[in-house]
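>>> Sequence below, structure please.
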Amino acid sequence: MSEWFWYAVGAAILYGLHQVFTKLASPHIGDGLGGFLVEATAAATIAVYLLYLRCFGQWNQAANGNGVFYSVLTGICVGVGTIFFFLLFQKGGPLSAVPMVLAGGAALMAVIGLFFFKETFSWTRITGTNSSRLLL
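Residues are numbered from 1 along each chain as shown. Below is the predicted model:
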């Protein structure tokens, strides 16, 4: 498996749970306040991670203007997307709608990766393996 594979698995699990907890929270909190608490808690979690890196001598957090700009755009997308998920659930949307939403996002990412970033399509890239043979 590629080094990034287990990070992808962890992200998939955590983002899946993210939607479960958003569904559970949405009947009990407003979309704006709920979204704010989600993102503030995420920011606090990342701040703890940065503190850990700083305290244990593993600090390697370079930045330039492009990195800051695209990170801010990412934050806007995450913030508005979180509000949309709260609204989706508050308006009666089922949790089972989330895979369709995420599949749409995955399709968008795949198209952008192929056409704008000139990434190649391969089974090894999709599965995270180092060889063309799948390890099931």
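
>>> which residue ranges form the helices in the chain?
5-25, 31-55, 65-90, 98-115, 123-127 (DSSP state H).

>>> want to try a markdown table for those helices, with mean neighbour count and mean pLDDT as columns?
The way it works is simple: take the backbone N, C-alpha and C, and place the C-beta from them, glycine included. What follows is the helices of the chain, written out as a markdown table (neighbours: other C-beta atoms under 10 Å; pLDDT from 0 to 100):
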| stretch | mean neighbour count | mean pLDDT |
| --- | --- | --- |
| helix 5-25 | 13 | 92 |
| helix 31-55 | 13 | 96 |
| helix 65-90 | 14 | 95 |
| helix 98-115 | 12 | 88 |
| helix 123-127 | 13 | 69 |
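
>>> Excluding sequence neighbours, find me the nearest residue to the residue nearest the centre of the chain.
Centrality entry for the chain: nearest residue to the mean C-alpha point is residue 15, 6.1 Å, by C-alpha atoms, centre = their mean. Using C-beta to C-beta, 6 or more residues apart in numbering and skipping residues adjacent in sequence, the residue nearest residue 15 is residue 102, 7.9 Å away.

>>> how much space between the one you found and residue 28?
Look at residue 102 and residue 28: by C-beta to C-beta, to the nearest Å, they are 24 Å apart.

>>> Same question for residue 99.
Residue 99 is 24 Å from residue 28, by C-beta to C-beta.
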